[in-house]
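**Q** return a 3D structure for these sequence lines:
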Amino acid sequence: MQRKLSATLVATILGWAAFCGAADKQPRWVHPLCQPLKATSNGPFVQLADGSLLTIDKTGLRASKDDGVTWSEGTPVCPGIAGGPPGRQEPAAFYLIRARSGALVAIYLDFTTYRFRWDESTNEPLDCCLEIWAVRSLDGGKTWTDRQRVLEGYNPNFFGFIQTKSGRLIAAVPHLVPRPGRYVACALFSDDDGKSWKRSNLIDLGGHGHHSGAMEPSLAELDDGRLMMLIRTHWGRFWQAYSDDGGLSWRTVLPSQIESSSAPGYLLKLASGRLALVCNGKTGRKELLLYFSEDDGKNWTPPVVIARQEDGQISYPFMMEHGPGELWITAGFAPVPLRLKANEESFVAEAKPPRAPAPR
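**A** A predicted model of the protein is given here:
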(Lines give C-alpha, C1' and ligand atoms only; values in the text may rest on other atoms or scores of the structure.)
Protein backbone atom coordinates (compact mmCIF):
# COMPACT_ATOMS: atom_id res chain seq x y z
CA MET A 1 0.00 0.00 0.00
CA GLN A 2 1.43 3.31 -1.06
CA ARG A 3 1.54 6.16 1.41
CA LYS A 4 0.80 9.71 0.41
CA LEU A 5 3.70 12.07 0.78
CA SER A 6 3.11 14.96 3.16
CA ALA A 7 2.70 18.43 1.65
CA THR A 8 5.89 19.55 3.37
CA LEU A 9 7.92 16.65 1.95
CA VAL A 10 6.55 17.21 -1.55
CA ALA A 11 7.37 20.91 -1.29
CA THR A 12 10.89 20.05 -0.13
CA ILE A 13 11.47 17.69 -3.06
CA LEU A 14 10.13 20.23 -5.55
CA GLY A 15 12.22 22.95 -3.92
CA TRP A 16 15.43 20.94 -4.37
CA ALA A 17 14.50 20.21 -7.98
CA ALA A 18 13.96 23.88 -8.66
CA PHE A 19 17.18 24.73 -6.87
CA CYS A 20 19.46 22.31 -8.66
CA GLY A 21 17.72 21.89 -12.02
CA ALA A 22 15.12 19.33 -12.99
CA ALA A 23 16.92 17.48 -15.79
CA ASP A 24 20.41 16.76 -17.03
CA LYS A 25 19.48 18.37 -20.33
CA GLN A 26 18.94 21.64 -18.47
CA PRO A 27 21.90 21.77 -16.08
CA ARG A 28 21.84 24.48 -13.48
CA TRP A 29 24.68 25.66 -11.31
CA VAL A 30 23.97 27.45 -8.02
CA HIS A 31 26.61 29.17 -5.90
CA PRO A 32 27.60 26.92 -2.97
CA LEU A 33 26.96 29.75 -0.49
CA CYS A 34 23.25 29.66 -1.44
CA GLN A 35 20.64 27.46 0.19
CA PRO A 36 17.43 26.15 -1.37
CA LEU A 37 14.28 28.10 -0.57
CA LYS A 38 11.45 25.73 0.33
CA ALA A 39 8.74 28.21 -0.62
CA THR A 40 6.36 26.87 -3.24
CA SER A 41 5.69 30.26 -4.82
CA ASN A 42 7.91 32.81 -6.54
CA GLY A 43 6.09 35.69 -4.88
CA PRO A 44 6.14 38.59 -4.65
CA PHE A 45 5.67 38.19 -0.90
CA VAL A 46 4.91 40.60 1.91
CA GLN A 47 5.99 39.66 5.43
CA LEU A 48 3.78 40.47 8.40
CA ALA A 49 4.89 41.35 11.94
CA ASP A 50 4.35 37.76 13.15
CA GLY A 51 6.61 36.39 10.39
CA SER A 52 3.81 34.99 8.24
CA LEU A 53 3.74 35.71 4.52
CA LEU A 54 1.11 36.95 2.10
CA THR A 55 1.04 36.63 -1.66
CA ILE A 56 -1.57 36.82 -4.42
CA ASP A 57 -2.24 34.36 -7.20
CA LYS A 58 -5.15 33.71 -9.54
CA THR A 59 -7.17 32.27 -6.64
CA GLY A 60 -6.71 35.40 -4.53
CA LEU A 61 -4.83 36.45 -1.39
CA ARG A 62 -3.05 33.53 0.31
CA ALA A 63 -1.21 33.28 3.62
CA SER A 64 1.61 31.04 4.85
CA LYS A 65 2.85 30.42 8.38
CA ASP A 66 5.68 28.04 7.43
CA ASP A 67 7.92 30.24 5.26
CA GLY A 68 5.92 29.67 2.12
CA VAL A 69 5.93 25.86 2.08
CA THR A 70 2.13 25.63 2.39
CA TRP A 71 -0.50 28.26 1.74
CA SER A 72 -4.07 28.95 2.76
CA GLU A 73 -6.92 28.83 0.29
CA GLY A 74 -7.16 31.97 -1.80
CA THR A 75 -9.44 34.81 -0.71
CA PRO A 76 -10.68 36.68 -3.82
CA VAL A 77 -9.20 40.14 -4.30
CA CYS A 78 -10.52 41.68 -7.53
CA PRO A 79 -10.83 40.93 -11.26
CA GLY A 80 -7.64 41.15 -13.29
CA ILE A 81 -5.08 40.79 -10.52
CA ALA A 82 -2.25 38.20 -10.71
CA GLY A 83 -2.85 37.52 -14.36
CA GLY A 84 -0.16 37.07 -16.97
CA PRO A 85 0.49 37.80 -20.63
CA PRO A 86 -1.41 35.40 -22.92
CA GLY A 87 0.88 32.72 -24.37
CA ARG A 88 4.00 33.99 -22.59
CA GLN A 89 5.97 32.85 -19.55
CA GLU A 90 6.60 36.21 -17.89
CA PRO A 91 5.66 36.24 -14.20
CA ALA A 92 2.44 37.92 -13.14
CA ALA A 93 3.11 41.58 -12.41
CA PHE A 94 1.79 42.76 -9.05
CA TYR A 95 3.21 44.01 -5.77
CA LEU A 96 1.62 44.00 -2.35
CA ILE A 97 2.48 46.19 0.63
CA ARG A 98 1.25 46.17 4.20
CA ALA A 99 1.42 49.86 5.04
CA ARG A 100 2.44 50.97 8.50
CA SER A 101 -1.23 51.82 9.15
CA GLY A 102 -2.09 48.14 8.60
CA ALA A 103 -3.75 48.66 5.22
CA LEU A 104 -2.93 46.15 2.47
CA VAL A 105 -2.32 47.86 -0.86
CA ALA A 106 -1.81 46.04 -4.17
CA ILE A 107 -0.73 47.58 -7.45
CA TYR A 108 -0.87 45.40 -10.55
CA LEU A 109 -1.08 45.01 -14.32
CA ASP A 110 -4.58 44.10 -15.52
CA PHE A 111 -4.24 41.60 -18.36
CA THR A 112 -8.00 41.31 -18.95
CA THR A 113 -7.76 44.18 -21.45
CA TYR A 114 -4.26 43.32 -22.72
CA ARG A 115 -3.52 44.19 -26.35
CA PHE A 116 -0.19 44.56 -28.13
CA ARG A 117 -0.01 45.35 -31.83
CA TRP A 118 3.17 46.95 -33.19
CA ASP A 119 3.73 48.25 -36.72
CA GLU A 120 7.14 46.90 -37.69
CA SER A 121 7.23 49.03 -40.85
CA THR A 122 7.02 52.31 -38.93
CA ASN A 123 8.35 50.95 -35.59
CA GLU A 124 5.33 52.48 -33.88
CA PRO A 125 2.57 51.14 -31.58
CA LEU A 126 -0.75 50.44 -33.31
CA ASP A 127 -3.01 49.16 -30.55
CA CYS A 128 -1.41 48.55 -27.16
CA CYS A 129 -3.11 48.34 -23.78
CA LEU A 130 -1.86 47.10 -20.40
CA GLU A 131 -3.17 49.28 -17.59
CA ILE A 132 -1.93 49.66 -14.02
CA TRP A 133 -4.60 49.36 -11.33
CA ALA A 134 -4.56 49.55 -7.53
CA VAL A 135 -6.79 48.15 -4.80
CA ARG A 136 -6.62 48.11 -1.01
CA SER A 137 -7.98 46.33 2.04
CA LEU A 138 -8.53 47.75 5.51
CA ASP A 139 -9.49 44.45 7.17
CA GLY A 140 -6.49 42.22 6.49
CA GLY A 141 -7.63 41.10 3.04
CA LYS A 142 -11.17 39.97 3.84
CA THR A 143 -12.65 42.71 1.65
CA TRP A 144 -11.12 45.07 -0.90
CA THR A 145 -12.05 48.61 -1.86
CA ASP A 146 -11.01 51.69 -3.83
CA ARG A 147 -10.10 49.68 -6.93
CA GLN A 148 -8.98 52.20 -9.53
CA ARG A 149 -6.92 52.58 -12.67
CA VAL A 150 -3.79 54.56 -11.83
CA LEU A 151 -2.10 54.59 -15.25
CA GLU A 152 -3.79 53.95 -18.58
CA GLY A 153 -2.17 53.00 -21.88
CA TYR A 154 0.53 50.32 -22.13
CA ASN A 155 2.84 49.66 -19.18
CA PRO A 156 4.96 46.48 -19.02
CA ASN A 157 6.43 44.86 -15.90
CA PHE A 158 7.70 46.97 -13.02
CA PHE A 159 9.99 46.02 -10.13
CA GLY A 160 9.56 48.56 -7.40
CA PHE A 161 6.78 49.31 -4.88
CA ILE A 162 7.84 50.66 -1.47
CA GLN A 163 6.69 52.74 1.47
CA THR A 164 9.04 55.59 2.30
CA LYS A 165 9.99 56.88 5.74
CA SER A 166 7.37 59.61 5.32
CA GLY A 167 4.65 57.00 4.78
CA ARG A 168 4.26 57.62 1.05
CA LEU A 169 3.57 54.59 -1.14
CA ILE A 170 5.48 54.80 -4.38
CA ALA A 171 5.88 52.56 -7.42
CA ALA A 172 8.36 52.97 -10.28
CA VAL A 173 6.79 51.98 -13.60
CA PRO A 174 7.45 52.15 -17.37
CA HIS A 175 5.00 53.71 -19.85
CA LEU A 176 4.78 53.45 -23.65
CA VAL A 177 4.66 56.69 -25.65
CA PRO A 178 4.42 57.15 -29.45
CA ARG A 179 6.26 59.10 -32.17
CA PRO A 180 8.82 57.74 -31.75
CA GLY A 181 7.48 54.62 -30.04
CA ARG A 182 9.53 54.01 -26.88
CA TYR A 183 9.27 53.57 -23.14
CA VAL A 184 9.58 56.27 -20.52
CA ALA A 185 9.64 55.76 -16.75
CA CYS A 186 7.72 57.49 -14.00
CA ALA A 187 6.58 57.15 -10.40
CA LEU A 188 3.06 56.60 -9.08
CA PHE A 189 2.55 57.66 -5.47
CA SER A 190 -0.10 57.80 -2.77
CA ASP A 191 -0.12 59.68 0.55
CA ASP A 192 -3.34 58.09 1.84
CA ASP A 193 -2.52 54.36 1.78
CA GLY A 194 -3.70 53.83 -1.78
CA LYS A 195 -7.01 55.72 -1.65
CA SER A 196 -5.79 58.21 -4.26
CA TRP A 197 -2.81 58.37 -6.58
CA LYS A 198 -0.65 60.91 -8.44
CA ARG A 199 1.99 60.60 -11.15
CA SER A 200 5.46 62.13 -11.44
CA ASN A 201 7.11 63.65 -14.47
CA LEU A 202 8.25 61.29 -17.23
CA ILE A 203 11.87 60.13 -17.42
CA ASP A 204 12.63 60.05 -21.14
CA LEU A 205 15.92 58.50 -22.27
CA GLY A 206 14.99 58.57 -25.95
CA GLY A 207 15.14 55.53 -28.20
CA HIS A 208 12.81 54.02 -30.79
CA GLY A 209 11.29 50.54 -30.73
CA HIS A 210 9.18 48.14 -28.67
CA HIS A 211 12.14 47.32 -26.40
CA SER A 212 13.77 50.74 -26.40
CA GLY A 213 13.89 53.55 -23.89
CA ALA A 214 13.41 53.45 -20.11
CA MET A 215 12.02 50.02 -19.24
CA GLU A 216 11.05 48.06 -16.12
CA PRO A 217 12.49 50.25 -13.33
CA SER A 218 13.19 49.25 -9.74
CA LEU A 219 13.25 51.55 -6.73
CA ALA A 220 14.84 52.19 -3.31
CA GLU A 221 14.92 54.95 -0.71
CA LEU A 222 18.41 56.16 0.20
CA ASP A 223 19.77 57.12 3.62
CA ASP A 224 19.46 60.84 2.88
CA GLY A 225 15.79 60.53 1.94
CA ARG A 226 16.26 60.67 -1.83
CA LEU A 227 14.75 58.03 -4.05
CA MET A 228 16.80 56.10 -6.57
CA MET A 229 15.34 54.42 -9.64
CA LEU A 230 17.38 51.82 -11.52
CA ILE A 231 16.11 51.49 -15.09
CA ARG A 232 16.50 48.68 -17.63
CA THR A 233 17.74 49.83 -21.05
CA HIS A 234 19.01 48.07 -24.16
CA TRP A 235 22.17 50.20 -24.28
CA GLY A 236 24.47 47.84 -22.37
CA ARG A 237 23.85 49.11 -18.84
CA PHE A 238 21.23 50.23 -16.35
CA TRP A 239 20.47 53.93 -16.07
CA GLN A 240 19.65 55.59 -12.76
CA ALA A 241 17.42 58.51 -11.80
CA TYR A 242 17.08 60.41 -8.51
CA SER A 243 14.27 62.32 -6.80
CA ASP A 244 14.76 64.62 -3.83
CA ASP A 245 11.06 65.43 -3.38
CA GLY A 246 9.57 62.06 -2.62
CA GLY A 247 9.17 60.92 -6.21
CA LEU A 248 7.22 63.91 -7.50
CA SER A 249 10.02 64.92 -9.86
CA TRP A 250 13.09 63.17 -11.25
CA ARG A 251 15.70 65.63 -12.50
CA THR A 252 19.03 63.81 -12.13
CA VAL A 253 19.32 61.02 -14.71
CA LEU A 254 22.56 59.32 -15.77
CA PRO A 255 24.03 55.95 -16.79
CA SER A 256 24.92 53.64 -13.89
CA GLN A 257 28.03 51.51 -13.32
CA ILE A 258 25.98 48.31 -13.72
CA GLU A 259 26.37 46.60 -17.09
CA SER A 260 23.38 44.69 -18.40
CA SER A 261 22.06 42.87 -21.45
CA SER A 262 18.60 44.48 -21.53
CA ALA A 263 16.94 42.63 -18.66
CA PRO A 264 15.29 43.89 -15.46
CA GLY A 265 16.82 43.92 -12.01
CA TYR A 266 15.45 44.10 -8.48
CA LEU A 267 16.82 46.78 -6.13
CA LEU A 268 16.39 46.50 -2.36
CA LYS A 269 17.42 48.60 0.64
CA LEU A 270 18.58 46.23 3.39
CA ALA A 271 18.32 46.54 7.17
CA SER A 272 22.12 46.93 7.28
CA GLY A 273 21.86 50.11 5.18
CA ARG A 274 23.37 48.47 2.10
CA LEU A 275 21.69 48.36 -1.26
CA ALA A 276 21.37 44.94 -2.88
CA LEU A 277 20.73 44.37 -6.57
CA VAL A 278 19.93 41.07 -8.26
CA CYS A 279 19.98 41.14 -12.06
CA ASN A 280 21.29 39.58 -15.26
CA GLY A 281 24.66 40.79 -16.48
CA LYS A 282 26.16 41.63 -19.83
CA THR A 283 26.52 37.93 -20.68
CA GLY A 284 22.74 37.56 -20.91
CA ARG A 285 19.93 35.90 -19.00
CA LYS A 286 21.75 32.64 -18.34
CA GLU A 287 23.47 34.12 -15.28
CA LEU A 288 21.91 35.79 -12.26
CA LEU A 289 24.19 38.24 -10.44
CA LEU A 290 24.20 39.79 -6.98
CA TYR A 291 25.67 43.25 -6.25
CA PHE A 292 25.97 45.31 -3.05
CA SER A 293 26.59 48.99 -2.38
CA GLU A 294 27.60 50.48 0.95
CA ASP A 295 27.29 54.11 -0.19
CA ASP A 296 23.76 54.24 -1.66
CA GLY A 297 24.76 53.29 -5.17
CA LYS A 298 27.80 55.50 -5.69
CA ASN A 299 29.96 52.37 -5.85
CA TRP A 300 29.11 48.71 -6.18
CA THR A 301 30.92 45.52 -5.27
CA PRO A 302 32.05 43.29 -8.12
CA PRO A 303 29.14 41.03 -9.09
CA VAL A 304 28.91 37.48 -7.79
CA VAL A 305 27.21 34.91 -10.02
CA ILE A 306 24.65 33.19 -7.80
CA ALA A 307 23.09 30.93 -10.46
CA ARG A 308 23.73 29.87 -14.03
CA GLN A 309 21.40 28.08 -16.47
CA GLU A 310 23.13 26.56 -19.49
CA ASP A 311 19.96 25.98 -21.53
CA GLY A 312 17.23 28.48 -20.84
CA GLN A 313 17.22 31.62 -18.75
CA ILE A 314 16.96 32.82 -15.16
CA SER A 315 15.43 36.28 -15.21
CA TYR A 316 12.71 38.62 -13.92
CA PRO A 317 13.91 38.34 -10.29
CA PHE A 318 12.24 39.17 -7.00
CA MET A 319 14.12 39.71 -3.73
CA MET A 320 13.03 40.24 -0.14
CA GLU A 321 14.83 40.38 3.19
CA HIS A 322 13.11 37.68 5.24
CA GLY A 323 15.14 38.55 8.31
CA PRO A 324 18.17 40.80 8.81
CA GLY A 325 20.74 39.64 6.26
CA GLU A 326 18.65 36.70 4.98
CA LEU A 327 17.85 37.34 1.32
CA TRP A 328 15.16 35.41 -0.47
CA ILE A 329 15.69 35.48 -4.24
CA THR A 330 13.37 34.01 -6.84
CA ALA A 331 13.40 34.18 -10.62
CA GLY A 332 11.31 32.78 -13.42
CA PHE A 333 11.79 30.76 -16.60
CA ALA A 334 14.70 28.26 -16.72
CA PRO A 335 13.05 25.00 -17.15
CA VAL A 336 11.85 25.46 -13.55
CA PRO A 337 11.87 28.62 -11.40
CA LEU A 338 14.84 29.47 -9.20
CA ARG A 339 14.22 29.87 -5.47
CA LEU A 340 17.13 30.35 -3.09
CA LYS A 341 18.37 31.95 0.12
CA ALA A 342 21.55 34.01 0.34
CA ASN A 343 23.29 35.39 3.42
CA GLU A 344 24.16 39.06 2.99
CA GLU A 345 27.44 39.07 4.93
CA SER A 346 28.69 35.90 3.24
CA PHE A 347 28.16 37.33 -0.22
CA VAL A 348 29.55 40.75 0.67
CA ALA A 349 32.73 38.97 1.77
CA GLU A 350 32.66 36.88 -1.41
CA ALA A 351 32.33 39.99 -3.57
CA LYS A 352 35.17 41.94 -1.98
CA PRO A 353 38.58 41.06 -3.44
CA PRO A 354 41.17 40.00 -0.83
CA ARG A 355 43.51 42.71 0.29
CA ALA A 356 47.07 42.55 -0.97
CA PRO A 357 49.59 41.89 1.79
CA ALA A 358 51.24 45.00 3.15
CA PRO A 359 54.78 45.54 1.86
CA ARG A 360 57.53 44.68 4.32
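**Q** ok, Lys58 - how many residues close by?
**A** As a burial measure, Lys58 scores 10 neighbours (other CB atoms under 10 Å). All C-beta atoms are positioned from the backbone trio N, CA, C, and that covers glycine.
**Q** what's the helix or strand for the residue nearest to Thr252 when sequence neighbours are not counted?
**A** In space, Thr252 comes closest to Tyr242 once its chain neighbours are excluded; the distance is 4.2 Å by CB to CB, 6 or more residues apart in numbering. Applying DSSP states H and E as the criterion places Tyr242 in strand 237-243.
**Q** hey, where'd the strands end up in the stretch 51-200 of the chain?
**A** Per DSSP state E, counting those that start in this stretch, the stretch 51-200 of the chain carries strands over the ranges 53-57, 60-64, 94-98, 104-119, 124-137, 145-151, 161-163, 169-177, 182-190, 198-199.
**Q** okay if I get those as TSV plus mean neighbour count and distance to Ala351?
**A** Formatted as TSV, these follow (neighbours: other CB atoms under 10 Å; distance: least, CB to CB, whole Å):
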stretch	mean neighbour count	distance to Ala351
strand 53-57	22	28
strand 60-64	19	31
strand 94-98	21	27
strand 104-119	18	32
strand 124-137	19	35
strand 145-151	17	36
strand 161-163	21	24
strand 169-177	25	25
strand 182-190	24	28
strand 198-199	14	37
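**Q** returning to what we had before: for the residue nearest to Thr252, name its beta-bridge partners.
**A** Per DSSP bridges, the residues bridged to Tyr242 are Met228, Thr252.
**Q** and it, how far from Gly181?
**A** Per CB to CB, to the nearest Å, Tyr242 is found 27 Å from Gly181.
**Q** more neighbours: which of these two?
**A** Neighbours were counted for Tyr242 and for Gly181 using other CB under 10 Å; Gly181 has more, 22 against 16.
**Q** thinking that one is in contact with Gly207, fair?
**A** No - look at Gly181 against Gly207 with CB atoms under 8 Å: they stay out of range, at 9.0 Å.
**Q** is Tyr291 located within a strand, as I assumed?
**A** Yes - under DSSP: H, G, I helix; E, B strand; the rest coil, Tyr291 falls within a strand.
**Q** okay, and the beta partners of it?
**A** Tyr291 has these beta-bridge partners by DSSP bridges: Leu277.
**Q** and Phe161, bridged to which residues?
**A** Beta-bridge pairing of Phe161 under DSSP bridges involves Ala171.
**Q** identify the residues contacting it.
**A** Applying CB atoms under 8 Å, 6 or more residues apart in numbering to Phe161 gives the contacts Tyr95, Leu96, Ile97, Ile107, Leu169, Ile170, Ala171, Ala172, Leu219.
**Q** what about 7 Å?
**A** By CB atoms under 7 Å, 6 or more residues apart in numbering, the residues touching Phe161 are Tyr95, Ile97, Ile107, Ala171.
**Q** Tyr316 is in what secondary structure piece?
**A** Here Tyr316, judged by DSSP H and E, is contained in strand 314-323.
**Q** contacts for that strand?
**A** By CB under 7 Å, 6+ apart, the surrounding residues in contact with strand 314-323 are 42-45, 47, 90-91, 157, 263-264, 266, 268, 270-271, 276, 278-280, 285, 288, 307, 327-334, 338.
**Q** Provide the strand pairings for that strand, with the direction of each partner.
**A** When pairs are called by DSSP bridges, strand 314-323 turns out to pair with strand 326-333 (antiparallel).
**Q** may I see the buried residues of the strand it pairs with?
**A** Using 16 or more other CB atoms under 10 Å as the test for burial, strand 326-333 gives Leu327, Trp328, Ile329, Thr330, Ala331, Gly332, Phe333.
**Q** which other helices and strands does the helix or strand just after that strand contact?
**A** Proceeding N to C from strand 326-333, the next assigned helix or strand is strand 338-343, under DSSP H and E. Counting contacts by 3 or more CB pairs under 7 Å, 6 or more residues apart in numbering; DSSP states H and E, strand 338-343 packs against helix 7-20, strand 35-36, strand 326-333.
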